[in-house]
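A.B. asks: Quick check, what structure comes out for this input:
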Amino acid sequence: MSYRLASLIFGGLLTLAASPIYAQASPPQGVIPPGQGARPTSTTLQRDYDSARMSAGARATSDMRKNSLTIAKCIARRGGDRAGSYVGGGLAGDPDYERIGEALTGRLQGCAQGQEVATAITISGALAEELVHAQAPQLADRATAVNEDDAHRFFGNLTGPVSLDNIAGCLAVYSPGLVNKLLATESGSAEEAAALAQVYGQTPECQMSAPPSSVSALHQRGALATALYKWTNRTPEA
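C.D. replies: As a prediction, the model looks like this:
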């Protein structure tokens with residue numbers, strides 16, 4: 001990978017001309033309207049990433065998933081005990097998934113060779129899935145007890161504009177087992193769609209009753225996997 005790629009990964013979109021991998025580091029803003037019904041949501045997602053790119057056709061989505069898994073498996077294998085440190089995103093104190101970017105433009109750049117397209121959030125999510133599956137955690141569908149201070153330190157304040165990371169963090173905190181069941185489904189399947197709807201529908205604390213339609217299921221899955229790994233592997237506050 002080139003020096004130009006290394007600079008682009010922190011500045012915005014990585015184009016295919018610069019590299020076999022692209023990542024949306026500073027996505028354009030978009031808004032998902034509040035939900036309707038008995039539990040109206042006050043939540044909007046102002047960082048819904050690049051909706052057009054993230055809502056690509058089935059073939060493109062399948063390729064992105066496959067490429068992300070290939071890269072993630074390589075990172076898990078070559079990263080060893082440090083692999084978990086590359087799971088990124090806002091909840092990890094890692095703006096724009098910088099650790100993934102640093103890894104794939106540095107010591108682990110070979111992991112991205114030959115992979116035509118993937119995004120930082122799907123690579124992070126695929127890596128998180130690999131690590132969660134390896135740990136095989138026993139998680140209740142719904143958390144039986146949540147320290148609200150720890151929870152809000154983790155996913156932030158949902159009363160105003162929030163990001164996909166915030167929502168995913170909330171869902172992972174209150175419905176960890178449901179998120180884990182989602183990760184056990186095949187990407188792009190009817191089972192995945194049903195599991196994703198269940199996660200939102202059975203987690204009223206997060207103020208969204210259904211998955212946001214402007215963000216692809218693949219990217220929501222990536223954010224949820226990242227959040228679940230970070231939440232279940234956090235160091236609780238003293």
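A.B. asks: So what's the residue count around the residue nearest to residue 121 when sequence neighbours are not counted?
C.D. replies: Leaving aside its chain neighbours, residue 121 sits nearest to residue 222 (4.4 Å; criterion: CB to CB, 6 or more residues apart in numbering). Any C-beta I mention is one placed from the backbone N, CA and C, and that applies to glycine too. Counted with other CB atoms under 10 Å, the burial measure for residue 222 works out to 30 neighbours.
A.B. asks: What does the pLDDT read for residue 222?
C.D. replies: You'll see residue 222 listed with a pLDDT of 92.
A.B. asks: The one 3 residues further on now?
C.D. replies: Residue 225 is assigned 95 on the pLDDT scale.
A.B. asks: Tally up the residues packed near it, please.
C.D. replies: Using other CB under 10 Å, the number of residues around residue 225 comes to 30.
A.B. asks: That one touches residue 183, doesn't it?
C.D. replies: Yes: contact status for residue 225 versus residue 183: in contact at 5.7 Å, counting by CB atoms under 8 Å.
A.B. asks: The residue nearest to residue 121 reaches residue 127, doesn't it?
C.D. replies: No: under the contact definition of CB under 8 Å, residue 222 does not touch residue 127, with a separation of 9.4 Å.
A.B. asks: The protein - how does it break down into domains?
C.D. replies: When the chain is parsed into structural domains using automatic domain parsing, the resulting residue ranges are 3-32+45-135, 148-232.
A.B. asks: among those, which is nearest residue 141?
C.D. replies: Comparing those against residue 141 with CB to CB, the closest turns out to be domain 148-232 (3.9 Å).
A.B. asks: counting residues per helix, which one in the protein is longest?
C.D. replies: Of all the elements of type helix in the chain, the one with the most residues (DSSP state H) is helix 58-79.
A.B. asks: ok, residues contacting that one?
C.D. replies: Residues outside helix 58-79 that contact it (CB atoms under 8 Å, 6 or more residues apart in numbering) are 21, 56, 83, 85-86, 103-104, 108, 110-112, 115-119, 122-123, 125-127, 129-131, 134, 187-188, 216, 218, 222.
A.B. asks: which among the residues you listed end up buried?
C.D. replies: By neighbour count, with 16 or more other CB atoms under 10 Å, the contacts of helix 58-79 hold 21, 56, 83, 86, 103-104, 108, 111-112, 115, 117-119, 122-123, 125-127, 129-131, 187-188, 216, 218, 222 as buried.
A.B. asks: correct me, but residue 88 touches residue 124?
C.D. replies: Yes: in this structure, residue 88 sits in contact with residue 124. The criterion is CB under 8 Å, and the distance is 5.0 Å.
A.B. asks: shared neighbours of those two, anything?
C.D. replies: Taking CB under 8 Å, 6+ apart as the contact criterion, the common neighbours of residue 88 and residue 124 are 97, 100, 226.
A.B. asks: Narrow those to just the buried residues.
C.D. replies: Here, 16+ other CB under 10 Å leaves 97, 100, 226 buried among the shared contacts of residue 88 and residue 124.
A.B. asks: before we move on, the earlier item: quick check: neighbours shared by residue 225 and residue 183?
C.D. replies: Between them, residue 225 and residue 183 share the contacting residues 129, 132, judged by CB under 8 Å, 6+ apart.
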